[in-house]
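In: using only what follows, build the 3D model:
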Amino acid sequence: MGGDDADLVRKHLAGDPDAFRLLYEKYGDKVFASAYRIVGEHHAAADLVQEIFVKIHGELRSFKFESKFSTWLFRVTVNHALNRASEGVRHARIHEKIVRDGRGDPGGTKEGRPVDDEVQRALLELSPKLRIVISLRYLEGLSYEEIAEILELSIGTVKSRLFLAHETLRPLLKQVRLEPES
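Out: Numbering: from 1, shown residues only. Just a heads-up that it's a prediction; the model follows:
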C-alpha cells in the first residue's frame with residue numbers, strides 16, 4: 001500500500017479530521033471517472049462518488065492493509081457502480097442521452113471532438129463487465145494483475161474479457177479515423 005495512503009487511513013482511524021478529506025481530494029475524480037465509465041451518465045456517476053465515499057468512510061475500520069488503498073477503493077467503486085448499472089440504468093437510454101447531448105467522457109475527453117464521441121459511444125455498446133476491464137486497462141493504465149485484484153477475477157478472465165471487448169469494439173470503431181488530420 002502506498003505510504004501516503006496508508007498514513008492517511010491510519011490518521012483517519014486515529015481521529016484526524018483532515019485525513020479523509022485528503023483521501024477524497026486525491027481519489028474523488030478517479031472514482032468519478034471510473035463510475036462514469038460504468039454507468040455512462042454524469043449525474044449518476046456524481047451520486048455514486050458521494051455514495052462510495054460515505055460507504056468507505058463507514059467501512060474504513062474493516063480495511064486490513066493487505067492491499068493498496070487505491071486497489072480497495074477501485075474494487076468498492078466497480079462493485080457499487082456495477083450494482084447501480086444493473087438496477088435499471090438502461091443502455092439505450094444512456095446511449096440516446098450521449099448522442100442527444102453530444103457529450104463525451106467528462107473524465108478525459110474534450111467536448112466536441114468527434115473521435116472521442118465515437119469512441120465513447122462504442123464503449124457504451126460494451127456490457128459493463130467488458131467496459132470496466134477496458135477502462136481499467138487503457139484509461140487507468142493498470143496491469144492485468146491489478147485489474148484481477150480489483151475485480152476479484154483470475155488473470156485469464158481479465159485477458160479473456162479484454163479480448164472479447166476488442167472483438168466487440170473492432171467493427172464499431174472501424175469507421176473512426178484515429179490519426180490526426182493534416
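
In: which residues does Phe53 contact?
Out: Phe53 is in contact with Tyr24, Gly28, Val31, counting by C-beta atoms under 8 Å, 6 or more residues apart in numbering. From N, CA and C alone the C-beta is placed, and that goes for glycine too.

In: taking the residues you listed, please make a ChimeraX selection of just the buried ones.
Out: To isolate the buried members of the contacts of Phe53 in ChimeraX, using 16 or more other C-beta atoms under 10 Å:
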select :31
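
In: closest to Ala81 among the contacts of Phe53?
Out: Val31 (9.1 Å; C-beta to C-beta).

In: surely that closest one touches Leu73?
Out: Yes. Val31 is in contact with Leu73 according to C-beta atoms under 8 Å; the separation is 6.8 Å.

In: any common contacting residues for those two?
Out: By C-beta under 8 Å, 6+ apart, the residues touching both Val31 and Leu73 are Ile52.

In: from Thr77, how far off is Glu140?
Out: Distance, Glu140 to Thr77, by C-beta to C-beta, to the nearest Å: 11 Å.

In: mind listing the shared neighbours of those two?
Out: Common neighbours of Glu140 and Thr77 (C-beta under 8 Å, 6+ apart) are Ser34.

In: more neighbours, the two?
Out: Neighbour totals were compared for Glu140 and Thr77, and Thr77 leads with 26 against 17 (other C-beta atoms under 10 Å).

In: how close does the more buried one sit to Ser135?
Out: 11 Å.

In: now list whatever residues contact both of the two.
Out: Ser34.

In: and the residue nearest to the spatial centre of the chain, what does it touch?
Out: Central residue of the chain (C-alpha atoms, centre = their mean): Ser34, 1.6 Å from the mean position. Neighbouring residues of Ser34 by C-beta under 8 Å, 6+ apart: Phe74, Thr77, Val78, Ala81, Ile132, Ser135, Leu136, Glu140.

In: and the second one, what helix or strand is that in?
Out: Assigning secondary structure by DSSP states H and E places Thr77 in helix 69-86.
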